[in-house]
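*Asks:* only the shape, not the letters, is given here:
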């Protein structure tokens, strides 16, 4: 989406964290390209995407790092969430262990991430309601207790995916100092020279 004429325009680094198989890549693909792939290969290391979202009279260009969920890539995660303006921590509503793991990601972000990072908790695969293992009430209570945005999403059905990014963008815009000039970053981003090479790249505007 193009930025609104005369409105503020900002960049924001956003990282996706969560177990393998929670649908992080599907969430990003739905947001960036409005597509869904039933059998998507696991991300290797991380994949990079960008997408601009206009909210009211301001636009936010998200630089999105979709991290791999496999345990062997855990040590790379700080390189992606360091300096992030926002993070989406995803879990699978049909998998209690993935929710427990999401809590650990939140704890890690709170301990080692940037203090101003906007964190959203995404209960993905909400279309699989008959196989639910994590109640929305439990997740919502946890999110409220930890100051997180919370939505149940379905990348397959496009449920709440755009809404979640919109809510993140609104929080980022609201957090900007008054008089912040157009084109400034919402949060300093990690220099590209220090980032590992992404496994894939996709951009939409």
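*Replies:* Arrived safely, thanks for sending. Predicted model only: the values in this text are computed from it and were never measured.

*Asks:* for the protein, name the helix or strand with the lowest mean pLDDT.
*Replies:* strand 201-204 (a mean of 46; mean pLDDT, DSSP states H and E).

*Asks:* name the nearest residue to residue 166, sequence neighbours excluded.
*Replies:* residue 55 (6.0 Å; Cβ to Cβ, 6 or more residues apart in numbering). From N, CA and C alone the C-beta is placed, and that goes for glycine too.

*Asks:* quick check, pLDDT for the one you found.
*Replies:* Listed pLDDT for residue 55 reads 89.

*Asks:* burial count for it?
*Replies:* 19 (other Cβ atoms under 10 Å).

*Asks:* my guess is it contacts residue 168, does it?
*Replies:* No - Residue 55 is not in contact with residue 168 according to Cβ atoms under 8 Å; the separation is 9.6 Å.

*Asks:* ok, which stretches of the protein are strands?
*Replies:* All strands of the chain, identified by DSSP state E, fall at 8-18, 46-55, 58-67, 86-92, 118-124, 149-152, 201-204.

*Asks:* so can I have JSON lines of the ones you listed showing distance to residue 27?
*Replies:* Listed next are those as JSON lines, based on distance: least, Cβ to Cβ, whole Å:
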{"stretch": "strand 8-18", "distance to residue 27": "7"}
{"stretch": "strand 46-55", "distance to residue 27": "11"}
{"stretch": "strand 58-67", "distance to residue 27": "8"}
{"stretch": "strand 86-92", "distance to residue 27": "6"}
{"stretch": "strand 118-124", "distance to residue 27": "6"}
{"stretch": "strand 149-152", "distance to residue 27": "11"}
{"stretch": "strand 201-204", "distance to residue 27": "13"}
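
*Asks:* out of these, which gets nearest to residue 143?
*Replies:* Smallest distance to residue 143 across those (Cβ to Cβ): 3.5 Å, for strand 149-152.

*Asks:* from the chain's centre, how far out does the closest one sit?
*Replies:* Between the centre of strand 149-152 and the centre of its host chain there is 11 Å, according to Cα atoms, centre = their mean, to the nearest Å.

*Asks:* quick one: average pLDDT of it?
*Replies:* 98.

*Asks:* stretch 25-38 too?
*Replies:* pLDDT averaged over stretch 25-38 gives 93.

*Asks:* please name the bridge partners of the residue nearest the centre of the chain.
*Replies:* Of all residues in the chain, the one closest to the mean position by Cα atoms, centre = their mean is residue 88, 3.1 Å from it. Beta bridges link residue 88 to residue 16, residue 120, judged by DSSP bridges.

*Asks:* how near is it to residue 57?
*Replies:* As for residue 88, its distance to residue 57 is 25 Å (criterion: Cβ to Cβ, to the nearest Å).

*Asks:* how about residue 101?
*Replies:* Here residue 101 is placed at a distance of 38 Å from residue 57 (Cβ to Cβ).

*Asks:* neighbour count for those two, which is higher?
*Replies:* Counting neighbours by other Cβ under 10 Å for residue 101 and for residue 57 shows that residue 101 has the greater number, 21 against 12.

*Asks:* OK, contacts around the nearest residue to the more buried one once chain neighbours are set aside?
*Replies:* Nearest non-adjacent residue to residue 101, counting by Cβ to Cβ, 6+ apart: residue 19, 4.9 Å away. Applying Cβ atoms under 8 Å, 6 or more residues apart in numbering to residue 19 gives the contacts 69, 91, 92, 95, 97, 98, 101, 102.

*Asks:* done for today, thanks.
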